[in-house]
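> Fold the following and give me the result.
(one chain, ligands or ions: 1)
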Amino acid sequence: MLFVRLLPALVIGPVAGVWADRFNRRTTMVVTDVIRFGLFISIPLMQTLPWLFAASFLIECASLFWIPAKEASIPNLVPRNRLESANQLALVTTYGFGAVAAVVFSALSFVNRVLAHEFSFFRTNPVNLALYLDALTFLVSGLTILGLSELSSARPRGLAAEGAQQPGVLTSLREGLKFIGGVRWLRGLVLGVSGATAAGAAVIGLSRVFANDLQGGNAAYGVLFGTVFVGLASGMFLGPRVLGNFPRRRAVGVAIMGSGGALAVDAVVPNLALAVLMTGLLGFFAGIVWVVALTLVGSEVADELRGRTFAFIYNLMRVVLLVAVAAAPFLAGIIGPHTVSVQGVHVRVDGVTVTLFAAGVLAAAAGVVCLRLMDDRGDIPLRTDLLAAITRRDPEQGRGTRAGYFLALEGGEGAGKSTLARRLATELRDRGYEVVLTFEPGDTAVGTRVREVLLDRSSAGISPRTEAMLYAADRAQHVSEVIRPALERNAIVVCDRYVDSSRAYQGGGRALDDREISHLSRWATDGLQPDLTVLLDIDPEEGLRRASRVGATDRLEAETVGFHRRVRAEFLTLARRGRHRYLVVNAAEDPDAILERVLGRLDEEALPDLPAGRTTMTIPLAEAPQ
Ligand code: TYD
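Below is the predicted model:
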């Protein structure tokens, strides 16, 4: 039975995906709607059991063609920023209408009874009216879609021009699979969504036995089963509002972890009310996963691949759902009822508990892997995003763009940063890169004035907090006026001093709280961190001696040696904690050797990705190699 139900999805599903990417999607939808209209009408007309089965099967097949065509079309109908709402609506009308259908069915049977008085036709089979109405809905759908002129030219964009040779079906299919497998975040999405689906399916498959174990009867079964769907619908409906501006790629993994966690707790709670609550929560998270995942695929996968991608995900979900619904009771049966006693306390480890718990843990693990694979905000801790979401703040912008490269040079007085920065810039420019050489404090018009206040010895009475805020103010201007625009142009930014200087001088040196300083800088920069920080480490006495040879000492150079020692220690601590984002070099080394080391490191990690020459090229998200 399982196999028979899976077969259409397995065989026709992939072809339907290819179809949606090759032919006019509006025509596909209209034709399959008309076919389904005809099939529904034919059921009451034929009145035979074999035809009922055959027609159901054919309807299912037609739907397999309709779904990917529809999903792939929605992003072409609504603007990107409304896509999530559109998907919400589509999902709620799909999954939430079970309840509405029940009401309509009752109403119909009443109408039917009335009609049966007049027409003998309705006396023989009271279900017919429902089937006719059903058929009519497909006709309405078909006519509606026919009227969507925005879709009329919806031959998927990016296809070979009219008349040109199209690749074969198998080639397209292979191309689709290769695409899904080759994009890191899509792999994560597929894995995660499978995990969440399996978790939900395990509850559905086991809810009957589970309800009995909790000393609930049939009613409890109904409640548990229904709660999954109520949870799903509310997750789809409320999810986006609950998420606020929480970054969507992260939301998928987090919600999957949530649904797995809820299931694991669900498995071990001894009480029906709690179990219902947890089941609802599981559904809620799964609902969020589904809306967000659909929207991500809709907005980030290129039009000509979208049909195949949706078809792949839908079919995989069908397979996972059916297999998990069937396998869960089977596994639970094999494990059977056991109790173990731990120090005289009896703990139930029956098959249901173990299976549900294991499914929950597996789903949560899938969520973790999914988060890793989908994460595009490596520079911003998840904690920061969660906190921002809870307090309803906008998330930090962070790197913001994948373009460009941001190198910061840090170190105490007289470490030779400025010399290194100049030589680096010359070297990189010679290789054809656009290099923006800049410094803090003071490399903007506003910053120049701030710098005067900061470094002039007449500002001796400035309080540590004022000082910290002025550096942050200079930095905020610098980031928005100089650094971000340069990165967006795909330039290499070499910045003499950045956030770490504040943490070392104001945090280490002035002994302000490091977390506060770092918070202030994060706020000023909206989370922009360097791709690499080169720390030129130098003994403060040697450094100050070098610096004093250059010219008059400024207000900070005039600080005690003890101050500068604390600064050095803080720099080293930051570098140790930041590990791979740092390169620590001994500033006493030969300057040529230092330059070579930095260039060597840049060669390793960044420069190959940047187009040499002053081309400004941004890689569109959909096609970005992962
Ligand atoms: P500058 O002459 O630019 O120093 P250097 O050549 O040593 O880089 O002066 C910057 C001074 O400001 C320097 O003493 C370090 C200090 N500073 C801070 O205390 N906090 C900060 O956030 C920054 C950027 C600099």
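
> got a list of what the residue nearest to the spatial centre of the chain touches?
Closest to where the C-alpha atoms of the chain average out (CA atoms, centre = their mean) is residue 249, at 1.0 Å. Neighbour list for residue 249: 185, 296, 374-377 [criterion: CB atoms under 8 Å, 6 or more residues apart in numbering]. Heads up, the C-betas are built off the backbone N, CA and C, glycines and all.

> and which of those residues is nearest to residue 69?
Of all these, residue 69 sits closest to residue 296, with 19.1 Å by CB to CB.

> on that earlier part again, any chance of the contacts of residue 249 in a markdown table, with distance to the ligand too?
Below are the contacts of residue 249 laid out as a markdown table (distance: CB to the nearest ligand atom, whole Å):
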| residue | distance to the ligand |
| --- | --- |
| 185 | 35 |
| 296 | 38 |
| 374 | 34 |
| 375 | 29 |
| 376 | 28 |
| 377 | 24 |
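
> In strands, which of the residues you listed fall?
Using DSSP state E to define strands, no part of those is located there.

> And the residue nearest to the centre of the chain, which helix or strand is it part of?
Using DSSP states H and E, residue 249 maps to helix 248-268.

> With residue 305 instead?
Using DSSP H and E, the element containing residue 305 is helix 303-335.

> How far off centre is that helix?
Between the centre of helix 303-335 and the centre of its host chain there is 21 Å, according to CA atoms, centre = their mean, to the nearest Å.

> Output the contacting helices and strands for that helix.
helix 2-22, helix 49-77, helix 169-182, helix 184-213, helix 272-300, helix 351-374 (3 or more CB pairs under 8 Å, 6 or more residues apart in numbering; DSSP states H and E).

> 6 Å instead?
When contacts are defined as 3 or more CB pairs under 6 Å, 6 or more residues apart in numbering; DSSP states H and E, helix 303-335 packs onto helix 2-22, helix 49-77, helix 169-182, helix 184-213, helix 351-374.

> Return the residues of the chain in contact with the ligand.
Counting by CB under 6 Å from any ligand atom, the chain comes close to the ligand at 413, 417-418, 439-441, 455, 471, 496-497, 501-502, 505-506, 554, 556-557.

> ok, the residue of the stretch 101-250 of the chain found nearest the ligand - contacts?
Nearest to the ligand, among the residues of the stretch 101-250 of the chain, is residue 247, at 28.2 Å (CB to the nearest ligand atom). By CB atoms under 6 Å, 6 or more residues apart in numbering, the contact set of residue 247 is 377, 385, 395.

> Show the model's pLDDT score for it.
On the pLDDT scale, residue 247 is placed at 92.

> Let's have the contacts of residue 249 in JSON lines, adding pLDDT.
Conversion of the contacts of residue 249 to JSON lines gives the following (pLDDT from 0 to 100):
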{"residue": "185", "pLDDT": "93"}
{"residue": "296", "pLDDT": "94"}
{"residue": "374", "pLDDT": "93"}
{"residue": "375", "pLDDT": "89"}
{"residue": "376", "pLDDT": "82"}
{"residue": "377", "pLDDT": "82"}
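
> which one of these is nearest residue 265?
Of all those, residue 265 sits closest to residue 374, with 24.5 Å by CB to CB.

> ok, the closest one - how many residues close by?
When neighbours are defined as other CB atoms under 10 Å, residue 374 has 26 of them.

> any idea how far residue 303 is from it?
According to CB to CB, to the nearest Å, residue 374 stands 21 Å off from residue 303.

> same deal with residue 448?
49 Å.

> coming back round to it: check the helices and strands packed on helix 303-335 for me and report the most buried one.
Per-stretch averages of neighbours, counted by mean count of other CB atoms under 10 Å, single out helix 184-213 among the helices and strands packed on helix 303-335, with a mean of 23.

> if we can go back for a sec, who's more crowded, residue 448 and residue 303?
Each of residue 448 and residue 303 has its neighbours counted (other CB under 10 Å); residue 303 has more, 19 against 12.

> what does the model give the more buried one for pLDDT?
If you check residue 303, the pLDDT there is 89.

> about what we covered before: mind putting the contacts of residue 249 in TSV, distance to residue 284 included?
Shown next, in TSV, are these (distance: CB to CB, whole Å):
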residue	distance to residue 284
185	23
296	19
374	20
375	23
376	25
377	24
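
> now, which of those sits nearest residue 479?
When these are compared for distance to residue 479 (CB to CB), residue 377 wins out at 17.1 Å.

> what number of residues lie near that closest one?
Residue 377 - counted by other CB under 10 Å - has 20 other residues nearby.

> For it, give me its contacts.
So residue 377 contacts 247, 398 (CB under 6 Å, 6+ apart).

> what do you get if the cut-off is 8 Å, keeping everything else the same?
247, 249-250, 385, 398-399.

> what does residue 62 give?
32, 35-36, 39.

> which residue sits closest to it, ignoring its sequence neighbours?
residue 32 (4.3 Å; CB to CB, 6 or more residues apart in numbering).

> ok, residues contacting the host helix or strand of the one you found?
Assigned by DSSP H and E, residue 32 falls within helix 25-46. Helix 25-46 has contacts (CB under 8 Å, 6+ apart) with 19-20, 51-52, 55, 58-59, 62-63, 65-66, 69-70, 72-73, 125, 127-128, 131-132, 134-136, 138-139, 141-142, 145-146, 148, 151-152, 154, 156, 307.

> swap in stretch 556-576?
410-413, 455, 457, 500, 503-505, 507-509, 511, 514, 533, 535, 537-541, 543-544, 547-548, 582, 584.

> Out of the contacts of residue 377, flag the one nearest to residue 463.
For the contacts of residue 377, the closest approach to residue 463 (CB to CB) belongs to residue 398, at 30.6 Å.

> Wait, that closest one touches residue 376, no?
No - judged on CB atoms under 8 Å, residue 398 makes no contact with residue 376 at a distance of 9.3 Å.

> Using neighbour counts, trim the contacts of stretch 556-576 to the buried set.
Buried residues within the contacts of stretch 556-576, counting neighbours by 16 or more other CB atoms under 10 Å: 410-413, 500, 503-505, 507-509, 514, 533, 535, 537-540, 543-544, 547, 582, 584.

> Could you tell me the angle between the helix holding residue 249 and helix 184-213?
Angle of helix 248-268 versus helix 184-213, following axes from the mean of the first three to the mean of the last three CA atoms, to 10 degrees, is 20 degrees.

> so who does the closest residue to residue 272 other than its chain neighbours touch?
Using CB to CB, 6+ apart and skipping the chain neighbours, the partner closest in space to residue 272 is residue 214 (4.6 Å). Residue 214 makes contacts with 220, 270-272, 275, as judged by CB under 8 Å, 6+ apart.

> Closest to the ligand out of those?
For these, the nearest to the ligand is residue 275 (54.3 Å; CB to the nearest ligand atom).

> Number of residues surrounding that closest one?
27.

> pLDDT wise, what is residue 607 at?
66.

> Surely residue 555 is in contact with residue 457?
Yes - the criterion here is CB under 8 Å, and residue 555 meets it with residue 457 at 5.1 Å.

> still on that earlier bit, out of the helices and strands packed on helix 303-335, the one nearest residue 476 is which?
It's helix 351-374; of the helices and strands packed on helix 303-335, that one is closest to residue 476 (CB to CB) at 30.2 Å.

> Alpha carbons of the closest one, as CSV, please.
Output in CSV follows, covering the C-alpha atoms of helix 351-374 (Å, rounded to 0.1, in the frame of the first residue of the first chain):
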residue,chain,number,x,y,z
GLY,A,351,8.8,1.6,22.4
VAL,A,352,6.6,4.7,21.9
THR,A,353,8.7,6.8,24.3
VAL,A,354,12.0,5.7,22.9
THR,A,355,10.9,6.1,19.3
LEU,A,356,9.4,9.6,19.8
PHE,A,357,12.4,10.7,21.9
ALA,A,358,14.8,9.4,19.3
ALA,A,359,12.9,11.1,16.5
GLY,A,360,13.0,14.4,18.5
VAL,A,361,16.7,14.2,19.1
LEU,A,362,17.4,13.4,15.4
ALA,A,363,15.2,16.2,14.2
ALA,A,364,17.0,18.6,16.6
ALA,A,365,20.4,17.4,15.3
ALA,A,366,19.1,17.9,11.7
GLY,A,367,18.3,21.5,12.8
VAL,A,368,21.8,22.1,14.0
VAL,A,369,23.3,20.8,10.8
CYS,A,370,20.8,22.8,8.8
LEU,A,371,21.7,26.0,10.7
ARG,A,372,25.4,25.4,10.0
LEU,A,373,24.8,24.8,6.3
MET,A,374,22.3,27.6,5.8
